[in-house]
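> My questions concern the predicted model and sequence given below.
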Amino acid sequence: MFARTESTAFVSGDGIGKPRGFLTYASGTSWQQIEQVGSGSSGNITADKLIQLYYTLKTDYARRATFVMNRASVQQVRLLKEATTNQYLWQPGLTAGQPDTLLGVPVVTASDMPVPGAGTLSVAVGDFKAAYQIVDRIGFRTLRDPFTDKPFVKFYTTKRVGGDVNNFEAVKLMVLS
């Protein structure tokens, strides 16, 4: 339960009592803004804009970049074909233990990323180790409550974690517009 809640907050949390997600920042290229590249097609991911999105990253971040998208976005990308040969652009890795790559960049499927639709931020690419800082307080805190619901004993478990973008150049988003 904690892991699911944390991963949702890292992507889309509002920062109030939880981590702030990287999708919650305004579009732009200055401080506290993350650059967004339009897909050129409302609700659809296009091959040309995927390439443009990747190449908006600076070289240092592109070397350690990862694409992050929902399974529905991965499906859309997997269905993109080359116009003349009708071959699929993305072929998954066939070597055991090696991640699938798109443009030579690993792809991570995250269920917390938005499903493709008009105006959504469905694809992210970047060096997330450089872009996002997670502060995790070690351990869980459990409080035993034998008084509230007699004859039962209730347990309250809490964990403190925070997160925020600390390098706005290291991540880029695709807006489907």
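That came through, no problem. What you see is a predicted model, and the numbers here were worked out from it, not measured in a lab. Numbering: from 1, shown residues only.

> what helix or strand does the residue most central in space within the chain sit in?
Most central in the chain under CA atoms, centre = their mean is Val68, positioned 4.6 Å from the mean C-alpha point. Remark: Val68 resides in strand 66-69, with elements defined by DSSP states H and E.

> partners of that strand in the sheet?
strand 105-109 (parallel), strand 121-126 (antiparallel) (DSSP bridges).

> Any chance you could list what contacts the last one?
Right, strand 121-126. Residues outside strand 121-126 that contact it (CB atoms under 8 Å, 6 or more residues apart in numbering) are 22-23, 36, 45, 50, 53-54, 57, 61, 65-70, 72-73, 105, 113-116, 170-176. No exception for glycine: its C-beta is placed from N, CA and C like everyone else's.

> and that strand, how far from the chain's centre?
Between the centre of strand 121-126 and the centre of its chain there are 6 Å (CA atoms, centre = their mean, to the nearest Å).

> Would you map the helices across the protein?
2-12, 47-55, 59-62, 71-78, 128-131 (DSSP state H).

> Can you say which of these is nearest to Thr148?
Of all the helices of the chain, helix 2-12 sits nearest to Thr148, with 22.3 Å by CB to CB.

> Check which residues of that closest one are buried.
Using 16 or more other CB atoms under 10 Å as the test for burial, helix 2-12 gives 6-12.

> so the residue nearest to the centre of the chain touches Ala110, yeah?
Yes. With contact defined as CB atoms under 8 Å, Val68 counts as touching Ala110 (5.2 Å).

> low-scoring stretches of this protein, by residue?
1 (pLDDT under 70).
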